[in-house]
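S.K.: the following comprises the amino acid sequence and a computationally predicted model.
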Amino acid sequence: MNSSSPYVVLYSPERIDFAVHSGGREVSDKKRPCLVTAVEEHRIRLAPMLTARKRSRMNPDSWSIVDYGSQGPDRPSHPNPDAATFELTLRPGRTRGWRPTSCFVWTRDGGEWVQLSAFQALRAQGKASVIDTAFELDAMQIESLRLMHGVLEDDSTGNGDERITS
């Protein structure tokens with residue numbers, strides 16, 4: 001996988017599975033951080049993040065803990081003591097265009113495939129964005145996150161990221 005590809009974007013996922021496994025019934029149109037788990041020539045795969053709520057009815061087998069490091073909110077508690085933790089270290093200072101909250105990331109599968117052309121159209125409308133600059137991760141940490149997420153093969157062609165960030 002191309003290590004320079006974006007790893008976190010703001011997007012409104014459309015898969016009903018995300019809503020059902022988070023304890024809801026309908027897909028939300030809320031923009032939320034999503035971890036990029038794969039990049040191909042014309043599409044990206046996104047795993048959404050779910051805000052931790054005290055009375056959540058989420059399926060704990062579908063979501064893992066996000067740890068933003070010392071600059072972010074506290075890690076949420078998880079019913080499974082062996083749940084994976086994704087360390088997405090925030091840079092010092094304020095984030096632009098979003099606010100990190102105590103949350104979980106989807107780990108049931110690789111996530112939702114999104115066509116790059118559709119993502120770019122949403123970016124032009126202000127309905128999606130790339131938020132990589134808020135994080136301090138090197139290429140090895142990005143690959144480690146993807147491996148933890150279960151993306152074991154290299155899905156990319158190596159140039160898909162240029163269409164997202166340009």
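M.R.: Cool, got the structure. All of these numbers come straight from a predicted model, not from anything done at the bench.
S.K.: Y11 and D61: what is the separation?
M.R.: Separation of Y11 from D61 (C-beta to C-beta, to the nearest Å) stands at 23 Å. From N, CA and C alone the C-beta is placed, and that goes for glycine too.
S.K.: more neighbours: which of the two?
M.R.: Y11 (24 against 12; other C-beta atoms under 10 Å).
S.K.: now L122: how far from G97?
M.R.: 14 Å.
S.K.: and the two? Which one has more around it.
M.R.: Just comparing L122 and G97: by other C-beta under 10 Å the higher neighbour count belongs to L122, 18 against 11.
S.K.: in stretch 69-77, what's buried?
M.R.: Q71, G72, P73, R75, P76 (16 or more other C-beta atoms under 10 Å).
S.K.: which other residues reach it?
M.R.: 52, 65-67, 85, 87-93, 100-104, 136 (C-beta atoms under 8 Å, 6 or more residues apart in numbering).
S.K.: I'd like the mean pLDDT over that stretch, please.
M.R.: Here stretch 69-77 scores 92 as its mean pLDDT.
S.K.: what about it, start to end distance?
M.R.: 15 Å (C-alpha to C-alpha, to the nearest Å).
S.K.: now it, how far from the chain's geometric center?
M.R.: 16 Å (C-alpha atoms, centre = their mean, to the nearest Å).
S.K.: quick revisit: any idea which of the buried residues of stretch 69-77 is closest to Q115?
M.R.: G72 (30.7 Å; C-beta to C-beta).
S.K.: any idea which helix or strand carries that closest one?
M.R.: For G72, there is no enclosing helix or strand under DSSP states H and E.
S.K.: roughly how far is stretch 131-149 from the heart of the chain?
M.R.: Going by C-alpha atoms, centre = their mean, where stretch 131-149 is centred and where its chain is centred differ by 10 Å.
S.K.: ok, then the element right after the helix or strand hosting V105?
M.R.: Secondary structure assignment for V105, by DSSP H and E: strand 103-106. Using DSSP H and E, the helix or strand that follows strand 103-106 in sequence is strand 112-115.
S.K.: returning to what we had before: CA atoms only: put the strand holding V105 into CSV for me.
M.R.: C-alpha atoms of strand 103-106 as CSV (Å, rounded to 0.1, in the frame of the first residue of the first chain):
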residue,chain,number,x,y,z
CYS,A,103,-14.8,6.9,19.9
PHE,A,104,-14.5,3.5,18.3
VAL,A,105,-13.5,2.4,14.7
TRP,A,106,-15.3,-0.2,12.6
